[in-house]
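Undergrad: give me the fold of what follows.
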Amino acid sequence: AEEQARMREELARVQDELSKQHDLHSALQKSSEELQERLTFTENELKTARTELAELQGRNLNVLQEGILQKVRSKEEEMKKELEELKQMSEAKEAQLQHDHKIELLKEAEIRQRETSQLVEELKGLYSNFAAATKKAGDLPRAVQMYRRALMLHEQVHGVNTVEAATLEINLGAALLAAGDAAESKRHFQTALDIRCKHLGEEHALTQTAMKWMVKLQSKNDLTRAASDASKTEGS
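TA: Prediction:
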């Protein structure tokens with residue numbers, strides 16, 4: 001009887017232990033399920049939070065991008081304005097440089113013109129001196145050639161019908177007269193007389209000199225005509 005009682009107690013104890021283990025397993029399973037639910041909920045919340053964060057970041061990024069774009073546009077406007085001002089300054093500077101360059105070119109041209117005029121005057125003087133020397137030596141064709149060169153050189157630089165040209169016209173006319181070309185000589189004497197009458201007046205000494213050459217030419221023509229008439233008379 002004692003053995004049976006002891007066995008019943010042991011069996012009761014084992015059943016009680018099994019009951020406790022079952023209750024613990026049930027509690028653990030319930031706890032595991034609750035944890036799983038919490039984990040799932042947490043994961044869902046995390047996904048939602050990530051989505052909302054991404055959207056927020058996207059909105060913030062768009063705002064940031066818009067702010068940056070606005071600054072870029074503002075800078076572009078400033079740069080465009082500055083470039084326009086630089087362009088205007090550059091054009092003004094270029095215009096000033098062109099103006100200065102033109103002035104420099106004009107100054108250089110004036111200097112060269114003066115130098116050219118000086119050379120022309122020197123060369124014209126050489127031609128005239130050489131013509132006078134060859135005329136004195138009796139080489140009248142060469143003298144006429146040199147006087148023509150001097151006159152042509154003067155007219156190329158100073159133009160025709162100037163007061164200075166009148167002197168060259170008379171020198172050339174005198175050489176032609178000496179060479180026997182009275183018709184061509186008269187043309188140059190008349191040109192010199194017209195120039196001096198126009199610029200100096202009829203009473204001027206140089207104008208009177210030109211008139212004397214015309215008179216001399218006329219006298220020589222008269223002598224030539226008289227000599228020709230005399231020769232014809234003797235021949236008849």
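Undergrad: the helix or strand in which residue 92 is found: what's the following helix or strand?
TA: Taking DSSP states H and E as the criterion, residue 92 maps to helix 2-136. Using DSSP H and E, the helix or strand that follows helix 2-136 in sequence is helix 140-158.
Undergrad: what is that next one packed up against?
TA: With contacts taken as 3 or more CB pairs under 8 Å, 6 or more residues apart in numbering; DSSP states H and E, helix 140-158 sits against helix 2-136, helix 163-179. (Glycine included, C-beta is placed from N, CA and C.)
Undergrad: what are the buried residues along stretch 105-120?
TA: residue 120 (16 or more other CB atoms under 10 Å).
Undergrad: hmm, back to that, for the helices and strands packed on helix 140-158, which has the smallest mean pLDDT value?
TA: Ranked by mean pLDDT, the helices and strands packed on helix 140-158 bottom out at helix 2-136, with a mean of 71.
Undergrad: please name the nearest non-neighbouring residue to residue 127.
TA: residue 150 (3.8 Å; CB to CB, 6 or more residues apart in numbering).
Undergrad: against residue 105, how distant is the one you found?
TA: Residue 150 sits 31 Å away from residue 105, going by CB to CB, to the nearest Å.
Undergrad: number of nearby residues for the residue nearest to residue 127?
TA: Here the number of neighbours of residue 150 (other CB atoms under 10 Å) works out to 25.
Undergrad: likewise for residue 161?
TA: 15.
Undergrad: contacts only, for it.
TA: 191, 194-195, 198 (CB atoms under 8 Å, 6 or more residues apart in numbering).
Undergrad: give me that answer again for 10 Å
TA: By CB atoms under 10 Å, 6 or more residues apart in numbering, the contact set of residue 161 is 155, 169, 191-192, 194-195, 198-199.
Undergrad: helix, strand or coil: sort out it for me.
TA: Secondary structure for residue 161, judged by DSSP: H, G, I helix; E, B strand; the rest coil, is coil.
Undergrad: thank you, goodbye.
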